[in-house]
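*Asks:* model this:
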Amino acid sequence: MKYAQIFLLVIVTFALGITSCRREKITESTDAKLDFSVDTVLFDTVFTTIGSITKSVRVYNNNPDRVRISSIELEGGNQSNFRMNVDGLPGDLFTEIEIAAGDSMWIFVEVTVDPGNQSNPFVIEDRIIFETNGNQQQVWLAAWGQDAYFHGGLGGLTVLDCNEVWNADRPHVVYGIVAVDENCCLTINQGTQVHCHQGSGIYVFKGCIDVNGQYQNEVVFQGDRLDPGYTDLPGQWGIELTFEYESDFGIEQFTAVRGGIWLFESTGSNIDYAIIKNGNIGIQVDTLGNASENALTLTNTRIENMGVIGLYGQGASIYGNNNLISNCGQSCANLGIGGKYQFEYCTFANYWTGSNRQTPTLSLSNYYLTSTNQVIVRPLTDTFFYNCIIWGNNAGLTDFGELLVSMEDSGNPQYQFSYCAVDSETSTADGSNYLSVVNGSTPPFVAAGEGDFHLISSASSTWNGGPISTSLTPFLDLDQQFRVLPGRKGCFEGQ
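*Replies:* Numbers count the residues shown, from 1 in each chain. From the prediction side, this is the model:
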């Protein structure tokens with residue numbers, strides 16, 4: 001036993017000696033250089049005063065021996081717009097850092113851009129300087145900065161000035177909930193870029209919003225992160241309300257999602273040539289505010305890639321023409337609790353791939369259920385869908401298809417789908433509610449999986465619309481192309 005212990009002690013001592021020798025062997029050669037995963041860390045447009053996402057640089061020691069980095073320095077020091085974190089520690093100067101042969105380390109970088117008082121984007125630059133054995137190497141840091149108009153504040157509701165106007169000279173960034181008050185109107189002119197922070201949006205209370213975009217100069221509503229990873233990421237913005245309630249476990253909270261643009265008893269809002277994307281609920285319209293006109297007139301607008309619903313109506317009055325509402329986590333349009341809904345030449349196309357969707361592309365109803373399952377019926381009047389396409393990638397996979405109409409007859413609902421193309425498991429042979437409807441034939445989209453919902457030019461006459469509505473003047477599609485009488489179904493005339 002004694003000899004075994006001595007033998008073990010010798011082995012351990014020998015091993016420790018080897019380890020010690022290896023650790024002490026640090027190269028001092030001037031040929032020893034570092035390798036980097038990138039030579040430039042580039043941040044796309046970052047709004048002034050808003051922090052960026054975190055980006056990383058990996059530093060490699062591909063030398064046969066251990067290296068000691070004399071210094072890693074953020075050249076701008078504590079005055080830099082950039083922030084650096086080296087192997088978990090924040091700072092702008094690090095010294096005597098060792099990397100074993102064949103090993104690597106991480107450096108993380110963020111940036112906040114100071115206001116520049118200018119409308120055009122500007123470049124912010126710095127660099128990380130590495131010194132090893134007298135060698136100096138660098139990684140460049142660059143960010144596009146952009147001044148903006150900031151509205152609201154986190155954690156509350158901010159009332160805008162009555163009849164405020166937003167123009168396109170700078171982007172507009174929304175924090176929290178910004179509200180248009182009673183009898184006031186928010187006007188947003190062509191080309192304006194509106195960026196909403198997480199949980200933020202525009203709430204119109206008994207007032208109106210006028211969005212005046214133009215073809216190829218649309219008003220765009222999206223999130224406030226412009227990095228490439230956020231380009232097509234749904235759920236980035238939209239009003240979120242937090243409520244507290246008492247349970248057996250104490251005071252708990254839950255968050256309710258509302259529309260990114262939320263109209264309550266709107267006195268007559270108009271949205272023309274807008275692009276609304278990457279939020280939770282695009283537009284929510286609750287309750288008719290003025291019986292003599294529509295709560296919302298929605299024309300020539302795209303609502304796309306919403307995490308929940310594109311257009312959400314509850315007892316509202318909405319008129320829509322030449323709209324494309326596509327690719328939403330639940331429904332492109334959910335129109336319930338009665339109201340009045342009129343749509344002409346619109347495409348509702350849901351080819352969502354972010355999850356297993358079990359909801360229809362479009363649903364229409366005239367009632368709601370209370371917490372005690374009591375059915376409350378509301379009038380549905382003068383509702384029609386004319387020359388529309390209602391389709392999606394769940395066609396034939398559910399009991400209701402992509403169109404779900406759920407009515408309580410006691411409310412005497414008034415609705416009709418005319419010259420539309422739908423996927424419905426319910427019979428569309430009833431001439432009172434369905435007139436000349438194509439049911440079950442897949443629309444000949446150019447590339448539905450890629451979001452191109454134009455109809456191919458060779459599509460048969462099946463996809464022609466019905467007689468021209470006198471309300472459409474001039475007779476143009478979403479691309480501002482003249483329709484060939486009587487025009488194709490949906491928002492596009494053709495490829």
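
*Asks:* Can you name the residues in contact with the helix or strand in which Ile209 is found?
*Replies:* Applying DSSP states H and E as the criterion places Ile209 in strand 208-212. Contact with strand 208-212 is made by 180, 184-190, 202, 219, 261, 263, 266-274, as judged by CB atoms under 8 Å, 6 or more residues apart in numbering. Glycine gets a C-beta too; all of them are placed from N, C-alpha and C.

*Asks:* what do you get for stretch 386-404?
*Replies:* Outside of stretch 386-404, the residues within contact range by CB under 8 Å, 6+ apart are 332, 342-353, 357-358, 360-364, 417-426, 442-443, 448, 453, 465-466, 469, 487, 489-490.

*Asks:* Go ahead and build a PyMOL selection from the buried members of these.
*Replies:* Restricted to buried positions by 16 or more other CB atoms under 10 Å, the PyMOL selection for the contacts of stretch 386-404 reads:
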select buried, resi 332+342+343+344+345+346+347+348+349+350+351+352+357+360+361+362+363+364+417+418+419+420+421+422+423+424+425+426+443+448+453+465+469+487+489+490
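
*Asks:* name the element Val446 belongs to?
*Replies:* Per DSSP H and E: Val446 is located in strand 445-447.

*Asks:* Have a look at the chain and report the helix or strand with the lowest mean pLDDT.
*Replies:* When the helices and strands of the chain are scored by mean pLDDT, DSSP states H and E, helix 2-24 comes last with a mean of 45.

*Asks:* follow-up on the earlier one: what mean pLDDT would you report for the strand holding Ile209?
*Replies:* Strand 208-212 carries an average pLDDT of 98.

*Asks:* got it, and stretch 310-322?
*Replies:* Stretch 310-322 carries an average pLDDT of 96.

*Asks:* quick check, distance from that stretch to the centre of its chain.
*Replies:* A distance of 20 Å separates the centroid of the chain from that of stretch 310-322, by CA atoms, centre = their mean, to the nearest Å.

*Asks:* go on, stretch 33-53?
*Replies:* 22 Å.

*Asks:* Just give the strands next to the strand holding Val446 in its sheet, each with its orientation.
*Replies:* strand 452-455 (antiparallel) (DSSP bridges).

*Asks:* Report the buried residues of the strand it pairs with.
*Replies:* Buried residues in strand 452-455, counted by 16+ other CB under 10 Å: Phe453, His454, Leu455.

*Asks:* Reformat those as a markdown table; add pLDDT.
*Replies:* Below are those laid out as a markdown table (pLDDT from 0 to 100):
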| residue | pLDDT |
| --- | --- |
| Phe453 | 97 |
| His454 | 96 |
| Leu455 | 95 |
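
*Asks:* would JSON lines of these with distance to Pro413 be doable?
*Replies:* Below are these laid out as JSON lines (distance: CB to CB, whole Å):
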{"residue": "Phe453", "distance to Pro413": "29"}
{"residue": "His454", "distance to Pro413": "33"}
{"residue": "Leu455", "distance to Pro413": "31"}
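
*Asks:* could you measure Lys274 against Asn305, distance?
*Replies:* Careful, residue 274 is Ala; it's not Lys. Distance, Ala274 to Asn305, using CB to CB, to the nearest Å: 14 Å.

*Asks:* what does Pro443 give?
*Replies:* Distance of Pro443 to Asn305, computed by CB to CB: 20 Å.

*Asks:* What of Asp87?
*Replies:* Distance of Asp87 to Asn305, computed by CB to CB: 37 Å.

*Asks:* Same question for Thr187.
*Replies:* For Thr187, the distance to Asn305 equals 26 Å [CB to CB].

*Asks:* do Phe385 as well
*Replies:* Distance from Phe385 to Asn305, by CB to CB: 23 Å.

*Asks:* Within its sheet, name the partner strands of the strand holding Ile209 and how each one runs.
*Replies:* Counting by DSSP bridges, the strands paired with strand 208-212 are strand 185-189 (parallel), strand 269-272 (parallel).

*Asks:* Are there helices or strands packed against the very next helix or strand once past the shortest one, and which ones?
*Replies:* The one in question is strand 269-272. Of the helices and strands lying after strand 269-272 in sequence (DSSP H and E), the nearest is strand 274-277. Counting contacts by 3 or more CB pairs under 8 Å, 6 or more residues apart in numbering; DSSP states H and E, strand 274-277 packs against strand 219-223, strand 302-306.

*Asks:* In terms of helices and strands, where is Ile318?
*Replies:* Using DSSP H and E, Ile318 falls in strand 309-321.

*Asks:* Pull up the pairing partners for that strand, direction included.
*Replies:* strand 281-286 (parallel), strand 296-299 (parallel), strand 331-344 (parallel).

*Asks:* Take it, keep the C-alpha atoms, and write them as CSV.
*Replies:* Written as CSV, here are the backbone C-alpha positions of strand 309-321 (Å, rounded to 0.1, in the frame of the first residue of the first chain):
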residue,chain,number,x,y,z
ILE,A,309,-54.4,38.9,-36.1
GLY,A,310,-54.1,41.3,-39.1
LEU,A,311,-57.5,43.1,-38.8
TYR,A,312,-59.6,42.7,-35.7
GLY,A,313,-63.1,44.1,-35.7
GLN,A,314,-65.6,44.0,-32.7
GLY,A,315,-69.0,45.5,-33.4
ALA,A,316,-67.3,47.9,-35.8
SER,A,317,-68.0,49.4,-39.2
ILE,A,318,-65.2,48.9,-41.7
TYR,A,319,-65.0,49.4,-45.4
GLY,A,320,-62.0,48.0,-47.3
ASN,A,321,-60.8,48.0,-50.9
